[in-house]
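below are the sequence and a predicted model for it; my questions follow.
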Amino acid sequence: MLQAMAQGAHVPMKFSGKATIEVNGNIVSTLESDTVRYSGSDVTLPAMRYGNFVIPSFTIHGTEFSMDMSTMTVTFPEQEFTETITVDGVEKTITGTSLSGTYAHDAYNTFKLKAVFKYGSMPMPLTYDIVAYYIKDYSDKLDVSIGGMFNYTAANVTYSVRTYPEDGNTLLDVQVPSYELSGTPLGELSVGGYIVKGLAMDNEKGGYYRDYAADELTMHFKSVKDGVVGMDGDYAMTQGDNNILLVYEGKKIKVNNAFHPGNMPFQITSQFPGEGDVTAVETVKTIEQNDAPAYNLAGQRTTTGYKGIVIKNGKKFYQR
């Protein structure tokens, strides 16, 4: 048992994947994309709905787990749990009869979790089962061109990328960020985000690519000039160039995105140069003690014999 990790040595991580909800042995809901969060020994489940019944999102605190240091696989042995949440001013008890799962540092950072529990006065337990893959965030500036004539920069945006296996291939889902632009011919612009799913490797283009013109995606676009709203709505991206190319460069990415909202007379292109920070957790390395000072994730210098994730010389390590 790694007590240092159980006390919050991980920063929050997001995982998304297919989930099922089962009641009394019957699957009552299948979710193609659901998101769970994992931080240290805490696991947060998303809100769940089946029929007219809704269970709010809740966190299971202080889960028991162990780690295989040779494979960097975290295992949650089957265990019980109890949590209390407040809904509309009323306390609800969540009684878990079973929680189990694994978090594997494989090619996709796979998180598998199964939880069986009753919410409030539910007469029968519910089973939530998910196989999810790590969502990694990349932050940088974004260069934007409108019609190839007007160029702007959004100072700080974040792309979220999920890598997952499908039919023997590796695919990516990319969350295109929202951002604001000032001083354009249309005035102040608010460009909404959207998700492009299923980018596949295209060797000719040198990266993961998808033409999403046929995906029936929409984005919210708003323009305000001299205090007057000109456009404000959700616009389909079905005409002109609507495609995205993501290229890995070490631990960073470059993204080129071209899109054409609605029947607007111009094309918008954006380039994410991949020169900024990767806001994500990297695989923890195991090292022996050396003379460099070590600090925990709160920035406090650790004492001799401290076990867990530490920072030495600006890098994260697992110290035994």
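Cool, got the structure. Residues are numbered from 1 along each chain as shown.

A strand includes Y209, no?
Yes: according to DSSP: H, G, I helix; E, B strand; the rest coil, Y209 belongs to a strand.

do you know how far it is from G25?
Counting by CB to CB, to the nearest Å, the gap from Y209 to G25 is 43 Å. Any C-beta I mention is one placed from the backbone N, CA and C, and that applies to glycine too.

same check, this time on E180
The spacing between E180 and G25, counted by CB to CB, is 50 Å.

okay, these two: which has more neighbours?
The neighbour count for E180 versus G25, taken as other CB atoms under 10 Å, is higher for E180 (13 against 7).

D241 - how many residues pack around it?
14.

so what's it closest to, chain neighbours aside?
In space, and not counting its chain neighbours, D241 is closest to A258: 4.3 Å by CB to CB, 6 or more residues apart in numbering.

tell me how many other residues crowd that neighbour.
In terms of burial, A258 registers 17 neighbours under the definition other CB under 10 Å.

likewise P46?
Here the number of neighbours of P46 (other CB under 10 Å) works out to 18.

that one contacts T35, correct?
Yes: the pair P46 and T35 passes the contact test of CB atoms under 8 Å, sitting 5.6 Å apart.

ok, the residue nearest to G192 when sequence neighbours are not counted to L189 distance?
Residue nearest to G192 in three dimensions, not counting chain neighbours: H220, with 3.3 Å by CB to CB, 6+ apart. When CB to CB is the yardstick, H220 and L189 sit 11 Å from each other.

those two: who's more crowded?
With neighbours defined as other CB under 10 Å, H220 and L189 compare such that L189 has more, 23 against 16.

just the pLDDT for the more buried one.
Model confidence at L189, given as pLDDT, is 93.

tally of neighbours for the closest residue to it other than its chain neighbours?
Beyond its immediate neighbours in the sequence, the residue positioned closest to L189 (CB to CB, 6+ apart) is L181, lying 4.3 Å away. Neighbour count of L181, defined by other CB under 10 Å: 20.

for stretch 14-31, how far is the first residue from the last?
Between the opening and closing residues of stretch 14-31 lies a distance of 16 Å (CA to CA, to the nearest Å).

quick one: buried residues of that stretch?
Along stretch 14-31, these residues count as buried under the neighbour rule (16 or more other CB atoms under 10 Å): K14, F15, S16, G17, A19, T20, I21, E22, V23, V28, S29, L31.

just the ones of the residues you listed in strands?
Among the buried residues of stretch 14-31, the members falling in strands are K14, F15, S16, G17, A19, T20, I21, E22, V23, V28, S29, L31 (criterion: DSSP state E).

run through the bridge partners of the first one.
Which is K14. Beta-bridge pairing of K14, defined through DSSP bridges, involves R37, I135.

make sure it is actually in contact with S39.
No: counting by CB under 8 Å, no contact exists between K14 and S39, whose distance comes to 10.1 Å.

circling back to that earlier point, what's near enough to touch the residue nearest to D241?
With CB atoms under 8 Å, 6 or more residues apart in numbering as the criterion, the residues that contact A258 are D241, N242, N243, I244, Q267, I268, T269.

and it, what element?
Per DSSP states H and E: A258 is located in strand 252-259.

buried stuff in the helix or strand following that strand?
Tracing the chain past strand 252-259, the next element assigned as helix or strand by DSSP H and E is strand 268-272. Of all the residues in strand 268-272, those buried under the rule 16+ other CB under 10 Å are I268, T269, S270, F272.

closest one to L99 out of the contacts of A258, please.
Ranked by distance to L99 (CB to CB), those are led by I244 at 37.3 Å.

from S178, how far out is the closest one?
Shown here: I244 relative to S178, a distance of 15 Å by CB to CB.

compare those two and say which is more crowded by neighbours.
Set I244 next to S178 and count neighbours by other CB under 10 Å: I244 wins out with 21 against 14.

which of the buried residues of strand 268-272 has the weakest pLDDT?
For these, the weakest pLDDT value sits at I268, with 92.

what about the helices in the chain?
Listed in chain order, the helices of the chain (DSSP state H) span residues 3-4.

what is N256 paired to in the beta sheet?
When bridges are assigned using DSSP bridges, the partners listed for N256 are L245, Q271.

tell me the contacts of it?
I244, L245, T269, S270, Q271, F272.

didn't the third one look like it was pressed against S145?
Looking back up the chat, that one is T269. Yes: counting by CB under 8 Å, a contact exists between T269 and S145, whose distance comes to 4.8 Å.
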